[in-house]
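> Next input, structure requested:
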Amino acid sequence: MRWFILVEAGLTVILCILPAACDQRVKADPKIEEPLRPEVVHKLAGWVNADHPEQFPISTATRYTASAKLNVTGVVSVDVSRNVPVVSLASGRVVEIDARLGDEVKKGQLLFKLRSTDIAQAFSDYRKAVENEQLANVQLDRAKVLYETGAIAAKDLEVAQNGENNAKVDLDTTGEHLRALGADLNNPTGIVNIYAPVSGVITDQQITSSAGVQALSSPNPFTISDLSHVWIICDVYENNLSEVHLNEWADIHLAAYPNRPLRGRISNIASILDPAIRTAKVRLEVENPGILRPGMFVIAEFHGPTMEGRAIVPASAVLHLHDRDWVYVPQSGHAFRRVEVVSGQMVAPGRQEIVSGIRPGDRVVTNALDLQYTSDQ
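Coordinates of the predicted model:
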């Protein structure tokens, strides 16, 4: 009986100890002792609820005064007035090319050589003119001697003088023709040297070796552009045209050189809009420090004459999502509403300008990424 009692007592003890052991195991569970994470549940599109909203710090947007700004895209183009075509006054075949597309050349530098039958004909005319002038000069001298001796009348001397004058005109004309074609009067040859008319960069090349060239016809063999001053052509929508004015200045921002802003003057606003996209071409003239290249993409920032008050929030309060910018605005209770905004420039380290979407005094979540990340869990 004692054994049974002991066993029963043992069972009783065991039964009593087991719940205590279970209680000890539950209390020692580390998961229970971890701090509670803020649980966020989606309520509606753009809305979230947080069980512990106090864990998401709130900041108040402050006021920042700046001039009205308009950012548009633009492309670097060559100044048409500084675009010089290289033409040949003689037709022929290219026998040598001494410059290539993209080369920087100086005025008077040899670009290419051309073998031309026009030069051969021009030299033939020039040599005939030389012979005719020499003969006319001899005849004039003879006429003067005969006139002095009374062998001929005065009118015969005048005829000889007129022949000499005409021969000189022909000689000068044929010589100038050869010089215009690029030939050397003292070196008769069928090869024409074509030189650079100005200094600049070759921005177009339309010839290759052995190609044929027609005198004064398109396309031109080369085009040389002076890139010391360039144009930036911008597209401005019609509802923003009131914000740009002639002779005002704009800031130029380059994707390739973000730390080297430039300035350009508005020299022209197109009178005709593009009917497809409803934009007008606005031309900026910019002095090129050597980094602007035709075709380069830029952002032009126009400044309006009036001052505007805008909101400034911590940069961490702005969430970039789906190619748009958003902030989270606290609502009543535990709710937060996601609001789309238009961001401006960085005003100070860690501070972001907001062009539209919220106003100074509005409250936003300081770190929007934390709330967005938690809501996605």
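
> From here on, just use CA atoms for contacts and neighbour counts.
Fine.

> From residue 218, how far off is the residue nearest to residue 118 when sequence neighbours are not counted?
Take residue 118 and drop its neighbours on the chain: the residue closest to it by CA to CA, 6 or more residues apart in numbering is residue 90, 6.0 Å away. In this view, residue 90 and residue 218 are 13 Å apart by CA to CA, to the nearest Å.

> neighbour-wise, which of those two wins?
Set residue 90 next to residue 218 and count neighbours by other CA atoms under 10 Å: residue 90 wins out with 22 against 11.

> ok, now which ones touch the more buried one?
Residues near residue 90 by CA atoms under 8 Å, 6 or more residues apart in numbering: 116, 118-119, 181, 192, 214-216.

> go on, residue 168?
Counting by CA under 8 Å, 6+ apart, residue 168 makes contact with 129, 133.

> so it, which of the three states?
Under DSSP: H, G, I helix; E, B strand; the rest coil, residue 168 falls in the helix class.

> now swap in the one 10 residues further on and tell me
Three-state call for residue 178 (three-state DSSP): helix.

> Surely it and residue 121 touch.
No. Using CA atoms under 8 Å, residue 178 is not in contact with residue 121; the gap is 9.7 Å.

> count of residues packed around residue 371?
Neighbour count for residue 371, taken as other CA under 10 Å: 20.

> Domain-wise, how is the chain divided?
42-66+307-375, 71-81+226-306, 85-110+196-223, 117-189 (automatic domain parsing).

> between those domains, which gets the lowest average pLDDT?
Taking each of these in turn, the one with the lowest mean pLDDT is domain 42-66+307-375, at a mean of 85.

> hang on, the earlier thing: who has more neighbours out of residue 178 and residue 121?
residue 178 (23 against 12).

> Name the nearest residue to the more buried one, sequence neighbours excluded.
Setting aside the residues directly before and after it, residue 178 is nearest to residue 122 in space (CA to CA, 6+ apart), at 6.1 Å.

> mind listing what residue 189 touches?
Here residue 189 is in contact with 119-120, 183 (criterion: CA under 8 Å, 6+ apart).

> out of those residues, which is most surrounded?
Of all these, residue 119 has the most neighbours under the rule other CA under 10 Å, reaching 24 neighbours.

> got the contact list for that one?
Residue 119 makes contact with 90, 178, 181, 183, 189-192, according to CA under 8 Å, 6+ apart.

> quick one, phi/psi of residue 161?
Dihedral angles phi and psi of residue 161 (degrees, to the nearest 10) take the values phi -60, psi -40.

> State the distance from it to residue 261.
With CA to CA as the criterion, residue 161 and residue 261 are 71 Å apart.

> With residue 318 instead?
Separation of residue 318 from residue 261 (CA to CA) stands at 25 Å.

> out of these two, which sits in the more crowded spot?
Comparing residue 318 with residue 261 by other CA under 10 Å, the one with more neighbours is residue 318, at 28 against 11.

> That one contacts residue 325, correct?
Yes. With contact defined as CA under 8 Å, residue 318 reaches residue 325; the gap is 6.3 Å.

> Now tell me what touches stretch 151-162 from outside.
So stretch 151-162 is contacted by 136, 139-140, 143-144, 146-147 (CA under 8 Å, 6+ apart).

> go again using 6 Å as the cut-off
The contact list for stretch 151-162 (CA atoms under 6 Å, 6 or more residues apart in numbering) reads 140, 143, 146.

> What about the second one, how many residues nearby?
If I follow you right, that is residue 143. By other CA under 10 Å, neighbour count at residue 143 equals 22.

> how near is residue 247 to residue 266?
Per CA to CA, residue 247 is found 5 Å from residue 266.

> which SSE is the closest residue to residue 284 other than its chain neighbours in?
Excluding its sequence neighbours, the residue lying closest to residue 284 (CA to CA, 6+ apart) is residue 266, at 4.5 Å. Using DSSP states H and E, residue 266 sits in strand 262-269.

> Provide the contact partners of the helix or strand that that strand is followed by at residue level.
Downstream of strand 262-269, the first helix or strand assigned by DSSP H and E is strand 279-287. Strand 279-287 has contacts (CA under 6 Å, 6+ apart) with 229-238, 264-270, 273.

> buried residues in strand 279-287?
By neighbour count on 16 or more other CA atoms under 10 Å, the buried set for strand 279-287 is 279-286.

> For that strand, C-alpha coordinates in CSV please.
Coordinates of the C-alpha atoms in strand 279-287 are reproduced here as CSV (Å, rounded to 0.1, in the frame of the first residue of the first chain):
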residue,chain,number,x,y,z
THR,A,279,5.5,73.0,-77.2
ALA,A,280,7.5,76.0,-78.5
LYS,A,281,11.2,76.0,-79.2
VAL,A,282,13.1,78.3,-76.9
ARG,A,283,16.7,79.0,-77.9
LEU,A,284,19.5,79.7,-75.3
GLU,A,285,22.9,81.1,-76.3
VAL,A,286,25.6,79.7,-74.1
GLU,A,287,29.4,80.3,-74.0
